[in-house]
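Trainee: below are the sequence and a predicted model; questions follow.
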Amino acid sequence: RARQQVSFVSRVSHELKTPLTNMTLYAKLLREELDGRQEAGRRYADVISNEGQRLSRLIQNILTFTHSTKIHVQPVDLGDLITRIVRAFTPSFQAKGMFIEMHLAEKVVIMSDVDRLTQIIGNFLSNAEKYAASGKKVDLSMKVSPEYVDIQVRDYGRGIPEKEIKMVFQPFYRVRSSVTEGVSGTGIGLTIAGQLAETLGGEIRVSHPDPGICFTLRLRRDTDEPVLKAEQQV
């Protein structure tokens, strides 16, 4: 059954890519047309564009789950990347009365893949937005040691039962509670995040602050290139 689900979401995702690309393009054209004239119209166009980009990331997540993709290693300024990711999520957080508080360390540059890092951190923030809106706030911090960099996303919601923590990394698994009731999701976001972290030579850790939950992406600093499994190399 899981194999059929994977095949289905892959086909649907491919079908969605073309109309979504057109929608995003026309939102940008509309934004340029309204530039300097209609403030409200520009804001609406920005929302359409931002939501389109978020949907594009979701589709890419699904396609990454079903297909191996080439890794692009380059120097990545983590503070700059995190700031750009937070900027992209800010409008949707504000719409729910939430805010993201950043705690960034000194300038840290590592060799990694920007798109994969963006997908992982974006998944953490997306989950916080969907399931922890009651907490009103999310802390995004970066902690540095000689060997590792930890990127942490901590929310102040109801958290996840400890017995279900390992289960959330399984494909299509979703925690059943009043928090997830009526919230849409594919159930593969954390599965993908875990797989991507492994390809980067890192790992995802989960802790239980009170209140909320904290997801940590741990990346090694003393490696020149991420570790790719043989079947993921292109």
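Mentor: Looks like it came in fine. Residues are numbered from 1 along each chain as shown.
Trainee: now do the strands in the protein.
Mentor: Listed in chain order, the strands found in the chain under DSSP state E are 74-77, 99-103, 109-112, 137-144, 148-155, 203-207, 214-220.
Trainee: strands paired with the third one, and their directions?
Mentor: Read it as strand 109-112. The pairing partners recorded for strand 109-112 under DSSP bridges are strand 74-77 (antiparallel).
Trainee: so which residues make contact with the strand it pairs with?
Mentor: Strand 74-77 is contacted by residues 107, 108, 109, 110, 111, 112, 113, 114, 117 when judged by CB atoms under 8 Å, 6 or more residues apart in numbering. Using the backbone N, CA and C atoms, a C-beta is placed for each residue, glycine as well.
Trainee: can you pull the buried residues of it?
Mentor: residue 76 (16 or more other CB atoms under 10 Å).
Trainee: please save the CA atoms from it in PDB.
Mentor: What follows is strand 74-77, C-alpha atoms only, in PDB (Å, rounded to 0.1, in the frame of the first residue of the first chain):
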ATOM      1  CA  GLN A  74      28.800  24.800  -2.300                       C
ATOM      2  CA  PRO A  75      29.800  27.100   0.600                       C
ATOM      3  CA  VAL A  76      26.700  28.000   2.600                       C
ATOM      4  CA  ASP A  77      26.400  31.000   5.000                       C
END
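Trainee: before we move on, back to that, pick out the shakiest of the strands of the chain, pLDDT-wise.
Mentor: Ranked on mean pLDDT, the bottom entry among those is strand 203-207, at a mean of 90.
Trainee: if you count contacts, what does that strand end up packed against?
Mentor: Strand 203-207 is packed against helix 189-199, strand 214-220, with contacts defined by 3 or more CB pairs under 8 Å, 6 or more residues apart in numbering; DSSP states H and E.
Trainee: how many neighbouring residues does residue 27 have?
Mentor: Residues near residue 27, counting by other CB atoms under 10 Å, number 19.
Trainee: that one and residue 20: what is the separation?
Mentor: Taking CB to CB, to the nearest Å as the measure, residue 27 falls 11 Å from residue 20.
Trainee: mind listing the shared neighbours of these two?
Mentor: Shared between the contact lists of residue 27 and residue 20 (criterion: CB under 8 Å, 6+ apart) are residues residue 52.
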